[in-house]
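Asker: here is the input, now give the coordinates:
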Amino acid sequence: MNEQNFFKRIIVALDVSTKEEALNLVQSLRETEIFKIGLKLFSAEGPELLKTIHSLNKKIFLDLKLHDIPNTVSEAVKVAVRHGVYMMTIHSSGGKEMMAKAVEAGIREAEIQNVEKPLLLAVTVLTSLNDDQLKEIGIQDDTRSQVLRLAGLSKEAGMDGIVCSPQEIEIIRNEFGKDFLVVTPGIRPSWAAAQDQKRIMTPSQAFKKGADYIVIGRPITASPSPEEAFQRIVQELVESQ
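Answerer: The predicted structure is shown next:
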């Protein structure tokens, strides 16, 4: 895979608090195509930030992990379509009906707006959770079994893919093939600290196991030079092939 392909497949997480911080990062990361906006930043700045980032010709991964009754989630997906997001997340634990309604709403609204439907990604098990913590909330299966179950529901519902930790990439690929997108957070370069992620992997390992996209935040955004950190990761990926 060449350098340009890695530019398209590394998603930078804008885990900051203000529009000014976010835009500084977007403008400094010239080669990055997709930026993730999560709950903190969206709560602080709202939809106006989406418009501004679009004006810079960047794609948006809206990571709000929607989880509510089917009608509420469907309406939220319609709004996201109108904002032109490239991909977005929905919690698979909301059930197959909720996800299927979201898919249906996304397709219908995209047709009305004459735009591309966002890639709808199901969140399986958060990368901050391990087997013991799943048991605390009443889930007796181990992490991998729970990820497989939720991934199966997501595929049946028509979702485009899932978000899972790097540790589950191979089992998802083996079970569902190459046409089901795998987006992987919990990525840390070999030179970065694990911080609060428990099930982590390096960028090179994640792509070799079959990830379609990887999400990287603090190793890039907290660096004194985010662009240098991003380029360092890309260079390591190119050299590792």
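Asker: report the buried residues of the strand of greatest length in the chain.
Answerer: When every strand of the chain is counted residue by residue (DSSP state E), the longest turns out to be strand 59-66. Of the residues in strand 59-66, those scored as buried under the neighbour-count criterion (16 or more other Cβ atoms under 10 Å) are 59-66. Just so you know, the C-beta spots here come from the backbone N, C-alpha and C atoms, and that holds for glycine as well.
Asker: likewise for stretch 119-129?
Answerer: Applying a neighbour-count criterion of 16+ other Cβ under 10 Å, the buried positions in stretch 119-129 are 119-127, 129.
Asker: longest helix in the protein, by residue count?
Answerer: Longest helix of the chain, by residue count under DSSP state H: helix 96-113.
Asker: count the neighbours of Asp132 for me.
Answerer: The local packing count at Asp132 equals 8, with neighbours defined by other Cβ atoms under 10 Å.
Asker: and if you look at Gly106?
Answerer: Gly106 sits with 24 neighbouring residues when counted by other Cβ under 10 Å.
Asker: from Gly94, how far off is it?
Answerer: Between Gly106 and Gly94 the computed distance is 15 Å (Cβ to Cβ, to the nearest Å).
Asker: circling back to that earlier point, can you give me the angle the longest strand of the chain makes with helix 96-113?
Answerer: With axes from the mean of the first three to the mean of the last three Cα atoms, to 10 degrees defining the directions, strand 59-66 sits at 140 degrees from helix 96-113.
Asker: wait, what's in contact with the spatially most central residue of the chain?
Answerer: With distances taken as Cα atoms, centre = their mean, the chain has Val183 as the residue nearest its mean C-alpha position (5.4 Å). When contacts are counted by Cβ atoms under 8 Å, 6 or more residues apart in numbering, Val183 touches 11, 87, 121, 161-164, 211-215.
Asker: which of the residues you listed tops the neighbour count?
Answerer: Cys164 (31 neighbours).
Asker: can you give me every residue that contacts the residue nearest to that residue when sequence neighbours are not counted?
Answerer: Nearest in space to Cys164, with sequence neighbours left out and distances taken as Cβ to Cβ, 6 or more residues apart in numbering, is Thr124 at 4.9 Å. Applying Cβ under 8 Å, 6+ apart, one finds that Thr124 lies in contact with 92, 146-147, 150-151, 154, 162-164, 168.
Asker: same question, Val16
Answerer: Counting by Cβ under 8 Å, 6+ apart, Val16 touches 22, 25, 41, 221.
Asker: just the element for the closest residue to the last one other than its chain neighbours, please.
Answerer: Counting by Cβ to Cβ, 6+ apart, Leu25 is the residue found nearest to Thr221 once chain neighbours are left out, at 5.7 Å. Here Leu25 is covered by helix 19-28, with elements defined by DSSP states H and E.
Asker: quick one: buried residues of that helix?
Answerer: With burial defined by 16+ other Cβ under 10 Å, the residues of helix 19-28 counted as buried are 19, 21-23, 25-26.
Asker: can you name every helix or strand that it contacts?
Answerer: With contacts defined as 3 or more Cβ pairs under 8 Å, 6 or more residues apart in numbering; DSSP states H and E, the secondary structure elements packing on helix 19-28 are strand 34-38, helix 39-45, helix 47-55, helix 226-240.
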